[in-house]
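Enquirer: here you go, sequence then predicted model.
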Amino acid sequence: MDFLLQVKIGALIGLLLLTLFFGFIPARVKCFRDTHGTDNHRTVLSLISCFAGGVFLAACFLDIIPDYLSDIKAELDARSVETSFPLAEFIMAAGFFMVLILERVVLNCREMRGTREERAPLVPDDRNGHGHGTGPDLEGSGHHVHVDFQAHSPFRSFMLFLSLSLHSVFEGLAIGLQNTDAKVLEICIAILVHKSIIVFSLSVKLVQSAVRPLWVAAYIGVFALMSPIGIAIGISVMEARLAAGALIQAVLEGLAAGTFVYITFLEILPHELNSPGKQLLKVLFILLGFSVMAGLTLWD
């Protein structure tokens, strides 16, 4: 086994173990799981969630989308594809609408199975169904009846997990395709720092979405495996390159980017910014999360 392969295998193991470590911190620490504590406790959890939102916002604009646009442009140029139609942006939009349609189908099926009680008032209306003035304020109740009615839903958390996992495969692929040990180490260190923050933020979102602990563990475990799988695929591709492999990767990156745009702007940020209290502080923590990721990107 040559030294380059040893370095890649070491990177594979390091990414797996550190991702598991940082991912299980929110899942195992009780304060992250308790969403019914004191006002101060809920404020702290909200600010952590805002920080995670800033992290995902930066990952969207500074990492996932630029990587995708660069890869798809390189592939189109290599294949001499010239068109005035914004093909790269269209693929991203397809990813966006794919999640939007899928989510609406899932929610519609839930309603057809008789789950409308999620949006019913705590006190039922009168016989004529016009008792609008006697029931409690649903905005303040535990029922999701306002604009953010599906905030932190397990479905959206799953889609967030899916898009991040797909991107992680491509990150690992970048390591596996390198042909010098120095470049492998350089990319691996950058991904380690980047992915540790991402998986911590993802774990916070899963915990706050009322996902069962066993499923949280499964999500984190699978997510931790994604980059190592990408490294393994990259090592294999070095031996036998597919003619259309890079183009397929670029298209999948575009779909993942569109998915990430949807989750960032329709799930993560609206949930915190639409909830009352500490608005300026929340914005500051979103900026803090964004700045941390921007700094890491600049350093990279």
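Expert: Done, it's in.

Enquirer: tell me the contacts of residue 162?
Expert: By CB atoms under 8 Å, 6 or more residues apart in numbering, the contact set of residue 162 is residue 259. No exception for glycine: its C-beta is placed from N, CA and C like everyone else's.

Enquirer: I'd like the numbering to begin with 57 instead of 1 from here.
Expert: Shifting the count to begin at 57 puts that one at residue 218.

Enquirer: which element is it on?
Expert: If you go by DSSP states H and E, residue 218 is part of helix 210-232.

Enquirer: excluding covalently adjacent residues, which one is nearest to residue 325?
Expert: Distances taken as CB to CB, 6 or more residues apart in numbering place residue 109 nearest to residue 325, at 5.2 Å, with adjacent residues excluded.

Enquirer: if we can go back for a sec, list the buried ones in the helix holding residue 218?
Expert: Across helix 210-232, burial judged by 16 or more other CB atoms under 10 Å covers 211-232.

Enquirer: next: stretch 115-131.
Expert: Buried residues in stretch 115-131 (16+ other CB under 10 Å): 115-121, 123-125, 127-128, 131.

Enquirer: which one of those is nearest to residue 79?
Expert: Taking CB to CB as the measure, residue 115 is the one of the buried residues of stretch 115-131 closest to residue 79, at 15.6 Å.

Enquirer: those helices in the chain, which residues are they?
Expert: Remark: helices assigned in the chain by DSSP state H are 59-84, 86-89, 95-114, 121-134, 143-168, 210-232, 237-264, 269-295, 301-319, 325-329, 335-355.

Enquirer: how about residue 316, nearest residue that isn't a chain neighbour?
Expert: Of all residues not flanking residue 316 in the chain, residue 219 sits nearest, at 4.6 Å (CB to CB, 6+ apart).

Enquirer: no wait, residue 261
Expert: Nearest to residue 261 is residue 213, by CB to CB, 6+ apart, at 5.6 Å.

Enquirer: surely the one you found meets residue 265?
Expert: Yes - if you go by CB atoms under 8 Å, residue 213 and residue 265 touch, sitting 4.1 Å apart.

Enquirer: residue 332: how many residues sit nearby?
Expert: 7 (other CB atoms under 10 Å).

Enquirer: repeat that for residue 238.
Expert: 10.

Enquirer: how much space between it and residue 259?
Expert: Between residue 238 and residue 259 the computed distance is 32 Å (CB to CB, to the nearest Å).

Enquirer: with residue 316 instead?
Expert: 17 Å.

Enquirer: more neighbours, these two?
Expert: Neighbours per residue (other CB under 10 Å) separate residue 316 from residue 259, with residue 316 holding more: 30 against 25.

Enquirer: so who does that one touch?
Expert: 112, 115-116, 120, 216, 219-220, 223.

Enquirer: pull the most distant pair out of those.
Expert: 120 and 216 (12.1 Å).

Enquirer: for residue 152, which non-adjacent residue is spatially closest?
Expert: residue 314 (4.0 Å).

Enquirer: and for the one you found, the neighbour number?
Expert: 26.

Enquirer: pLDDT wise, what is it at?
Expert: Note on residue 314: pLDDT of 84.

Enquirer: what about it, distance to residue 287?
Expert: 25 Å.

Enquirer: repeat that for residue 158.
Expert: Residue 158 sits 29 Å away from residue 287, taking CB to CB as the criterion.

Enquirer: of those two, who's got more company?
Expert: Higher neighbour count among residue 158 and residue 287: residue 287, with 29 against 13, using other CB under 10 Å.

Enquirer: can you give me the pLDDT of the nearest residue in space to residue 349 that is not next to it in sequence?
Expert: In this structure, residue 349 finds its nearest non-sequential neighbour in residue 114, 3.3 Å apart by CB to CB, 6+ apart. Per-residue confidence at residue 114 stands at 85 (pLDDT).
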